[in-house]
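*Asks:* Provide a 3D model corresponding to the input given below.
(4 chains, ligands or ions: 6)
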Amino acid sequence: MNYNILIGGSAGQGIVTLSQLLSKILKRKGYHIFLNKDYMSRIRGGHNFIQIRFGTEQIFSHSPFIDLIIALDKNTVEIHKEKLNENGKIICDESIDVSSDNLFKLPLKEIAKEVGNSKVFGTAAIGAVLKLFSIPLKDINKIFDEFFDSDLSNKNYQALIRGYELINNHFEYVEPQDKNHIMINGNQAVALGALAAGVSFYSAYPMTPSTGIMTYLAHKEEEAGIVVEQAEDEIAAINMAIGASFAGVRAMTGTSGGGFSLMTESLGLAGITETPLVVIDVQRPGPATGLPTRTEQSDLSFVLTASHGEIPRMVISLRSPADAFYQTARALNIAEKYQVLVILLSDQYLADYVQTIEPFDFKKITIERGIADASSVKENEDYKRYKLTETGVSPRLIPGQIENKTVLADSDEHNECGHITESAEVRTNMMEKRMKKQELLKEEIQEPEYLGAESPDILLVGWGSTYGPIKEAVERLNSENIKVGALIFGDVWPLPKESLEKYAKKVKTIVNIEQNYTGQLAKLIRQETGIKCDKSILKYDGRQINFYEIYSKIKSEVL
Amino acid sequence: MNYNILIGGSAGQGIVTLSQLLSKILKRKGYHIFLNKDYMSRIRGGHNFIQIRFGTEQIFSHSPFIDLIIALDKNTVEIHKEKLNENGKIICDESIDVSSDNLFKLPLKEIAKEVGNSKVFGTAAIGAVLKLFSIPLKDINKIFDEFFDSDLSNKNYQALIRGYELINNHFEYVEPQDKNHIMINGNQAVALGALAAGVSFYSAYPMTPSTGIMTYLAHKEEEAGIVVEQAEDEIAAINMAIGASFAGVRAMTGTSGGGFSLMTESLGLAGITETPLVVIDVQRPGPATGLPTRTEQSDLSFVLTASHGEIPRMVISLRSPADAFYQTARALNIAEKYQVLVILLSDQYLADYVQTIEPFDFKKITIERGIADASSVKENEDYKRYKLTETGVSPRLIPGQIENKTVLADSDEHNECGHITESAEVRTNMMEKRMKKQELLKEEIQEPEYLGAESPDILLVGWGSTYGPIKEAVERLNSENIKVGALIFGDVWPLPKESLEKYAKKVKTIVNIEQNYTGQLAKLIRQETGIKCDKSILKYDGRQINFYEIYSKIKSEVL
Amino acid sequence: MTTDINLFNSMDENAWCPGCGNFGILNALKEALSELDLKPHEVLITSGIGQAAKLPHYINVNGFNGLHGRAVPPAVGAKIANKNLKVIVNTGDGDSYGEGGNHIIHNIRRNIDITHFVHDNQIYGLTKGQGSPTTAKGQKTTLQLEGVKVDPFNPISFAISLGCSFVARAFSGDKEHLVYVMKEAIKHKGYALVDILQPCVSFNKVNTYRWYKERVYKLDKNYDCTNKEEAFKKAFEWGDEGIPIGIIYKEKKSTYIDRTPQLNSKPPLINREWKPVYAEKFMEDFI
Amino acid sequence: MTTDINLFNSMDENAWCPGCGNFGILNALKEALSELDLKPHEVLITSGIGQAAKLPHYINVNGFNGLHGRAVPPAVGAKIANKNLKVIVNTGDGDSYGEGGNHIIHNIRRNIDITHFVHDNQIYGLTKGQGSPTTAKGQKTTLQLEGVKVDPFNPISFAISLGCSFVARAFSGDKEHLVYVMKEAIKHKGYALVDILQPCVSFNKVNTYRWYKERVYKLDKNYDCTNKEEAFKKAFEWGDEGIPIGIIYKEKKSTYIDRTPQLNSKPPLINREWKPVYAEKFMEDFI
Ligand SMILES: Cc1ncc(C[n+]2csc(CCOP(=O)(O)OP(=O)(O)O)c2C)c(N)n1
Ligand SMILES: Cc1ncc(C[n+]2csc(CCOP(=O)(O)OP(=O)(O)O)c2C)c(N)n1
Ligand code: SF4
Ligand code: SF4
Ligand SMILES: [Mg+2]
Ligand SMILES: [Mg+2]
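*Replies:* Residues are numbered from 1 along each chain as shown, chains lettered A, B, ... in the order given. Ligands and ions are numbered 1, 2, ... in the order given. Sure thing, here's the model as predicted:
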C-alpha cells in the first residue's frame, strides 16, 4: 500500500526544501519513501516537480498516478491534475487563481504571515498533508530541531500545527512499519561507496547530473581526510586522477555525457599505462548539451569502445542506490586488482531519486589494492612495470615505495620496463598482455538479476536504472497471470551471457526496454550472442519510463 | 611481372629523397609503382625502410619478398637479407662493414666525392639499380632538371651515370607500358578530393599520420583560395570547422586516433546542430599514443558510436588512393545533403603508400551543397533552422543570406527555431527527425566490392586499406584453384548487408581479415546481421598485413 | 543612423533569474548594435553553455549556441568563412576562462577580428554555484565549503600579457558606460576582450550589485590606454582599492584576416567561385 | 651531499638527433638532481608527447610519459597523492603552451609545488617542423609555407600576469647557468615555470645555438626578481635587443598543499589509514 504526493512549482520557489522536509518526516515515521525529481535547466521560473511515494513496503520506482498535489503555482494544477486518482486531492494557497474539483484552497501564506516568517508557508502545507493522511504529529518537533535553527524550528512547527488544523482526515491511514532504513539517492550512494572503499582523491568538473557525487565527497573531505579537486576541465580531471592513481592512491573521477566525451582520449591512457581507474558517467540525454537535467541511457554503446585503439575495460551499470553503493566499491577493487579501467554507468533518474533501503553493510566492503610488496623486486634488478606474466597482470609498485627503484609508465607502446618500443614482437606481446585481462574480467562478471515468473513466456531485458520500473511492471503483469520475466543487467561489459542464453531458449518473445533510441543493449546482445530481441520498448524524451508505461506496452504491443 | 626494391637506413640518412627519385624515374619510364613506408617515431637514427615495387601492371599492395636491397647501413642488410629472393641482390657503399652473398659493395661515396657533392652518393646507387634492371638512361636528365636546381641536377646526373657504369645487367628486363597514370598516396588523394569538391576551410592540429593532408592543402592554399588553419588543439580544430560550415563554407577537419578522441564531444555538436561536417581519422595503432608512425584499423568500433547520446552518421573507410579521392568528394556531398556528420577512416598504410593509378576524372566530381535558396522562407515568417519535414532534413540557410532573417543553431535540445526546449514532445520529434536521416542514409550506401571466384567456398571480409593485400591474396589463391571470394567494405555505417547476406548463404567459411585485435568488422556484422565469422585473421603489430600472410593463413588455418 | 532596437527582440521566453546582471548586458548589447546600425542578419553571436551562454536565444541575430568552453572556435571558423559577419562571443566566465582557457590564449595571438564579451559573475551559475576561475580566494561556494583556495584568474593582465589588441572591463550595472565600451569593442579591428562584471543574485552573495557599485570607477579621461605599463597597473587594481572600468589597453595591429591574402584581398570565402575541374591542374604534382 | 650522478643514467637508447639541445637539458637536469642530493626514487618526472617529452626515458627516476598536452595534470595528481615526491614536468613548447595551455593557467593559480621545465625549441619537432606557439611571426615552417602569421606566445609575461610564483628562462647551451636555475626552480615552493631555450637542429633553422648565444644575457646581480614591474619589462625583451636569462620573477606564496589541511597537517595521502567501517558514521546523513 502506498500513496503518491506531487509537489510542483517554479524553480526557486522552494519545492526542494519542502520535499526534503516532508520526506524526512514520513521516513522518520517509519514509511518507505521513493522520491523523484523532474527539473529544468534553469535557476528560477519554469516548472519543476518532485514526487514522493510513501508506503509500508519498499518502493522501487515512481508512479504516474497521483493521490495528492501540493501546488505552489497555477501551472502545477493545470499540468498535473489529469493524473490525479479518483480519490485524489490538490492543496494550494488560497491566493492562487485556480479552480478544480478536489481542490483545497488553504490560507497558507496567511498562516506564514501570522507566524512571522513568509517562508514557512510550505510547512503549513505539510501540516495539512499530514492531516489528510491521518499521520500523528508526535516527535516531529525533534525533526524540526535537526532541520532548522532554533528560532526557525519553532516558527515552522507552529506553521505545521496551524496547517494540520486547517483540514480533515481524508486518506485511509496506513500504519508504518520499518524504522531502520536509510534514505539516499544514487549520487550519494556512489559517493558513500567510494568513501567506504577508500577513495582518497576525486577530481571532477561540475556537470549536471553528476555534480552531486563531488558535492557529497566535498562535504566529507576533511573528516575523511581525502582530497576533492575541482579541475579546470574534464581532461584535467581524468588526468589528475590517473596521476594520483599512478602515484599510489585510490582515485576516481565522475562526469556526465559531454564531460565523458572529453575524457575519451585519456581512457586509453589509463588502459595502456595500466593505471587503475574508475570513471562514472551519470548519463543525461544527448547528443551534445541535450537536456542537461533529464535522464537517458544513451551512452552505453559509446562507453563500450570509447577511445581509439583497444583496451580491456569493465562496464557496470548501476540499478539502484543500494547497487550503486556496493558496485562502486567493487569497481574500485576490480580496477586495482586487474589494473584496468572500470566505467560505471548511472543516469539522472538514479542520481536524483531518493529511496529508503536497508542500511549499508560496511563489513561487506573489502579493499583490495593489488599493490605488490617490496619483495617482488630483487635488489639487483630493475623494476619492470609491465612485466609479462601469465595472467597479463604485472606486479605494481608505487613511485618511491622502494629505495632506488623507479617506476616508469608510458602512453606509447612500451617494453616491460616502460620504455618506448617499435618492435613488432614486443607490441604483439603487450597487446596480448593487456587484452588477456579482458578475458580475466569474465571471471569477475555477475549475471543479470532475474525477476518474475519461473517459466516466463516473455522475457524483458533491461539495464541500469530501469530496474525499478521494470520490477514493478513485472510484478503487476504476473499478478494478472501474464508470465513475464526480466533480466536486468548490472555488468554489461564483458556481457554475461549465461542466464540470457538460458532464458532466451525458453521464451516466445524477448523485449528490450531502454531509455534510448537505438536499443543499445539489444545491439550489444546481438553482437555478443546472436540473440535478437523481438520487440523494443524505447523512450528518449528525457523522462524516466514508469512501470505503468511498461505494463501497458507489454499488454498492448507484445501480447 | 614486378620487382621489389627495398631501401633501408636510419632516419635522416635520406632514404625518402632517394626513394622519391627512384620511383619518379621508374614511373616516368612507364612502370607501375607501389611504394610503402616503414618508419619510426624519431627524426634521426633507428631503422627505417621504404619498398618500391614496380612492374608492368597495376600493383595493389606491398610484398614481403625482395629482389634488391639498397642498404645505407649495416643494419639494413642484417634485418632484411633473409627476405631476399633467390636471385636477389644487395647494394651498398663499400665503406659499410658487412658481407653477404649477392652483395655488391660499390664506391658510391667515392663517386660522390669525385663529383663534388657528398649527398649524391644515393644517386650513384640509383644508377647502379637502373643498370641491374637494364633500364636505359634516356630522358632521365629531364627528370633531374625538375627535381634539382641546375647545378645539383648536373652533379646528380653525373653520379647516376657513374653508378650505371659500375655494374652489369642482372635482372630480366621488362618493358614498361602505361605512361598516363599518376603516382599518389592516400593522404594526397584525400586532399585532392577535398580540393576538387570545393573544401574552402580545413582546420587541424598536426598528428602523424594525418598531417600529410593538411600539408598538401597548405601548399595549395593561395592557389586554390582556401584557408588552412593550424588550430591550438583538436577541439579547436573541429569547432572551427563546425563554425565555418555553419557560416556557409565547405569545411573539413582531419586527425589521427588521439586527436579524434579529443573531438568526440564535438561530433555530437555537429549532430545536434545538424551542421554538415566531414572528419577524417587516419588511424594508427592505439591505445593512447601507441605506435605513432605505424598502422592499424582499430578505431572502427569506436567511431561508430563516438560521442555521448545518439546522432545519425555515416562512416566510410577508404580502400585505396583512388577510392580516397572519390569518396572524400562523395562524403562532402552527403554531409551537406543530409546535414550530417560523415567520418572517413584511413590509416597509416594507405596514407603513406604511393601507387600509380588512372588519372582522376574531375568531371565525375559534383558539388551538391544542399543550401536552400532564399525563396524557401516567406518574407513575413521567421526562419526555422530545424523545421520538421518528412525526411528529417530541414531547409538550410546561411547567416546573412537573406536580409533580416536570422539563423539559430543550438547544442541543447531545441524547437524548430533552434530555441532551447524542455518539452518531451518536441524532444521526441527532434530525436526522430535526426534519426530519420540515419534511415535516409541507407539509400546512399554502396555495397562492398566483391573480388574473386564467382561461387566461392570461402568468403573473406575486410574493410579499408586491407583491400590491396586481400585482392592480391585472392588472386593467388584462385590461381591455385582455391575458390575464394572477398567482400571489401568501403561504407561501413550504415552497414550494407545485401551482398554479404547473399554470399554468406553460399559459402562454407567466412573469414574476417582485420588490422586489429578484437575483430571489429566481425562484431559489427554480427550486430547488424547475426552472421558470425568462422575464423579471424587479425594483426595488431603495427605492420600492414601482406598478401602472402593472408594467402598462407588461408592455406594453413582455414582450408 | 541606428537600427530599430525592437528588431533585436527575440520571442523566446527568458530563463534568467529576476534581477540577474545578465539582463543589463543583454539590453546594452541591443542598444550597442542598434546604435552601430547593424542589422540582425549581419551579426552572429556564439556562446558556450551556462546562464550567460543562453544569450543568443534572447536576441534576434544569427546565433550559434555551442558546447561548454567552446564558444570561441566556432566564432573564429565563422569569421574566416564570412568576413563580412560581425562576430561576437557572449558567454560566461567559467566558459571563457575555465573550460575554454586555451582558445582565448591562441585567438588573442591570431588577433582575429571578433568581440568577446565575458559575463563575469565570478561563479558557475547554471551548475549551481561552484567556484569559477574568477571567484575570490577564500569565498565559500556550494562546492568549496571552506572557501576557494586558489588565486583568482585575472583576465585583464592575462590578455594584456598575451598582446591582446583591445582589453576592457565594464559593469552590467552601468548601462551607458557598458554600451560605450561595447561599441568600441565591436568597432575595434582585432580580438577585443571585454570582461563584464555581472552580479549573480542566486549564487554569488559576495559580488553583489552593491559590492560592484561601491568599487567600480571609470578610467580617467587622461588615462592613456595605449601605454602597456600603465595598463598592467590598472589590470592589477581590484577589490577595495577600486576596480577600474573602461578600455584598459588598446593597440593597433594587423588582424588574422589582414595577414591572410586569400581572405584579405578577396570576397568572403562563402562567395568563393569553385568548380571541381579547377583542381585538375594539381594532378601535375603526381606525374 | 650530492647523489652519484650515474644513478640517474638510463639504459634506454636515446632517439634524439645528434646535436639536439635536449641533451644539454638532460645533462643539466641530472646534475641539478645530483647536487640537490635527490635520489632516483624520490623524483617523478612527467611529460606529454614530443621530442622533449621522451626525456623520462633517458633518466632513471620515476616517470610518467602521458598524453600530448597533458603533462601537467598527472603531475598535479601525483603530487597531491604523495606530497613527498619531487614532481617535475619536462616537456615541449607545443605540449606545454599549445595543446596543454589550459592546464598551465590553472595550475599557476593552484600554485602547486611542481617544477615545469619547458624545452622551448620554438617548433613542433616530433611531427616534423610545424610552427609552435613560440615560433616567430613570419618564420617559414613545413606547414606555414608563407610564414607563421600569428604573434608568438610569451610564456614569461603570461606566467607573471597570472601570478606564477617562480618564472625563469634559461638556455640549454649554458649548462652551468641552467643547472643553477633548475636547482632554484626545484627548491622553490610553488609552481615554478622555466622556459628553456633549446635549439632544434633538424627543424628550426632560425633559432640555432648561434642565434641564441648571440642574444642571451644573464640577468644582472642587482636585478630584483621580486619586482613585478621590472619583471614585465624583462618579459618583453626578446630577439635582437637581447634575451634575458635567469630568474625573472619570484614571489613567496602559500602553496596548494599549504592551503589544504588534509594534506598540510597530515602524512602523504598514500599513507592515509582507512577502513571501510570508518565511513559507517556517514550513514547518519541519511537517517
Ligand atoms: C563539457 C561540459 N562540462 C561541464 C558542463 C556543465 N556546465 C554547464 S554550464 C557550466 C558552468 C557555467 O559557468 P559560467 O560559464 O560562468 O556561466 P554562468 O552560468 O555563470 O553564466 C558548467 C560547468 C557542460 N555543459 N559541458
Ligand atoms: C592529441 C594529440 N595531438 C597531436 C599529437 C601529435 N604530436 C606529437 S608531438 C607533437 C608536437 C610536439 O611539439 P613540442 O611539444 O614542441 O615537442 P618537440 O617535439 O618540439 O620537443 C604533436 C603535435 C599527439 N601525439 N596527440
Ligand atoms: S543563477 Fe545567477 S547568473 Fe544565472 S540567471 Fe540566476 S542570477 Fe543570473
Ligand atoms: S627534431 Fe629537433 S628537437 Fe627533435 S631531437 Fe631532433 S633536433 Fe632535437
Ligand atoms: Mg559564471
Ligand atoms: Mg617543440
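
*Asks:* quick one: low-confidence ranges for the chain?
*Replies:* In the absence of a named chain, this looks at chain A. Residue ranges of chain A with pLDDT under 70: none are present.

*Asks:* what's the closest residue in space to A:Gly464 that isn't next to it in sequence sitting at in phi/psi?
*Replies:* Computed as CB to CB, 6 or more residues apart in numbering or on different chains, the closest residue to A:Gly464 that is not its neighbour in sequence is A:Ser317, at 3.6 Å. (Each C-beta comes from the backbone N, C-alpha and C, glycine too.) The phi/psi pair for A:Ser317 (degrees, to the nearest 10) reads phi -100, psi 140.

*Asks:* how near is A:Ser317 to A:Leu345?
*Replies:* Distance of A:Ser317 to A:Leu345, given as CB to CB, to the nearest Å: 4 Å.

*Asks:* joint contacts of those two?
*Replies:* Common neighbours of A:Ser317 and A:Leu345 (criterion: CB atoms under 8 Å, 6 or more residues apart in numbering or on different chains): A:297, A:300, A:464, A:492.

*Asks:* which of the residues you listed fall in strands?
*Replies:* A:Val492 (DSSP state E).

*Asks:* if you count what's nearby, which of A:Ser317 and A:Leu345 comes out ahead?
*Replies:* Taking other CB atoms under 10 Å in any protein chain shown, A:Ser317 and A:Leu345 do not tie; A:Ser317 has more neighbours (30 against 25).

*Asks:* and the residue of chain C closest to ligand 2?
*Replies:* Residue nearest to ligand 2 within chain C: C:Asn102 (12.6 Å; CB to the nearest ligand atom).

*Asks:* isn't that residue up against B:Asp233?
*Replies:* Yes - the pair C:Asn102 / B:Asp233 is scored as a contact, 6.1 Å apart, by CB atoms under 8 Å.

*Asks:* now stretch A:169-185, how far from the centre of its chain.
*Replies:* 23 Å (CA atoms, centre = their mean, to the nearest Å).

*Asks:* start to end distance for that stretch?
*Replies:* 31 Å (CA to CA, to the nearest Å).

*Asks:* do stretch A:44-60 and chain C come into contact?
*Replies:* Yes - using CB under 8 Å from any CB of the partner chain, stretch A:44-60 reaches chain C at A:44-46.

*Asks:* spell out which parts of chain C neighbour chain A.
*Replies:* C:15-18, C:49, C:51, C:67-69, C:98-99, C:101, C:124-128, C:130-131, C:133, C:142-146, C:202-203.

*Asks:* measure how buried the spatially closest residue to C:Gly125 that is not a sequence neighbour is and give me the count.
*Replies:* Setting aside the residues directly before and after it, C:Gly125 is nearest to C:Gln51 in space (CB to CB, 6+ apart), at 4.0 Å. C:Gln51: 30 surrounding residues under other CB under 10 Å.

*Asks:* next one: A:Lys363
*Replies:* 9.

*Asks:* just A:Lys532 next, same as before
*Replies:* A:Lys532: 12 neighbours (other CB under 10 Å).

*Asks:* checking it next. Helix, strand or coil?
*Replies:* coil (DSSP: H, G, I helix; E, B strand; the rest coil).

*Asks:* ok, then the element right after the helix or strand where A:Ile537 lies?
*Replies:* Using DSSP states H and E, the element containing A:Ile537 is strand A:535-538. For strand A:535-538, the following helix or strand on the C-terminal side (DSSP H and E) is helix A:547-553.

*Asks:* any part of that next one near chain B?
*Replies:* No - counting by CB under 8 Å from any CB, chain B is not contacted by helix A:547-553; separation bottoms out at 12.3 Å.

*Asks:* which elements pack onto that helix?
*Replies:* helix A:467-479, strand A:535-538 (3 or more CB pairs under 8 Å, 6 or more residues apart in numbering or on different chains; DSSP states H and E).

*Asks:* quick one: list the elements packing against the first one.
*Replies:* What that stands for is helix A:467-479. Right, helix A:467-479 is packed against strand A:449-452, strand A:458-463, strand A:484-489, helix A:547-553 by 3+ CB pairs under 8 Å, 6+ apart.

*Asks:* can you give me the helices for chain C?
*Replies:* Ranges of helices in chain C, per DSSP state H, are C:22-35, C:72-81, C:93, C:101-110, C:155-161, C:175-187, C:209-215, C:228-236, C:261-264.

*Asks:* what's next to the longest one, contact-wise?
*Replies:* Going back to what we said before, that points to helix C:22-35. Looking at helix C:22-35 with CB under 8 Å, 6+ apart, the contacting residues turn out to be C:2-5, C:7-9, C:16, C:43, C:51-52, C:55, C:58-59, C:61, C:88, C:90, C:117, C:119, C:172-173, C:175, C:178-179, C:182-183, C:186, C:196, C:198.

*Asks:* centre of the chain to that helix, how far?
*Replies:* Remark: helix C:22-35 is offset 13 Å from the chain centroid, using CA atoms, centre = their mean.

*Asks:* quick one, it and helix C:175-187 angle?
*Replies:* Between the axes of helix C:22-35 and helix C:175-187, defined by axes from the mean of the first three to the mean of the last three CA atoms, to 10 degrees, the angle is 60 degrees.

*Asks:* for helix C:22-35, list the C-alpha coordinates in CSV.
*Replies:* Only the C-alpha atoms of helix C:22-35 are listed here, as CSV (Å, rounded to 0.1, in the frame of the first residue of the first chain):
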residue,chain,number,x,y,z
ASN,C,22,22.7,39.3,-17.5
PHE,C,23,19.7,41.5,-18.3
GLY,C,24,21.8,44.6,-18.2
ILE,C,25,24.3,43.1,-20.6
LEU,C,26,21.5,41.9,-23.0
ASN,C,27,19.9,45.3,-23.0
ALA,C,28,23.2,47.1,-23.5
LEU,C,29,24.1,44.8,-26.3
LYS,C,30,20.9,45.5,-28.2
GLU,C,31,21.5,49.2,-27.8
ALA,C,32,25.1,49.0,-28.9
LEU,C,33,24.1,47.0,-32.1
SER,C,34,21.3,49.4,-32.8
GLU,C,35,23.5,52.4,-32.4
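
*Asks:* please see if that helix touches ligand 3.
*Replies:* Yes - using CB under 6 Å from any ligand atom, we find that helix C:22-35 touches ligand 3 at C:Asn22.

*Asks:* so that helix, near ligand 1 or not?
*Replies:* No - Helix C:22-35 does not reach ligand 1 (CB under 6 Å from any ligand atom); its nearest approach is 7.2 Å.
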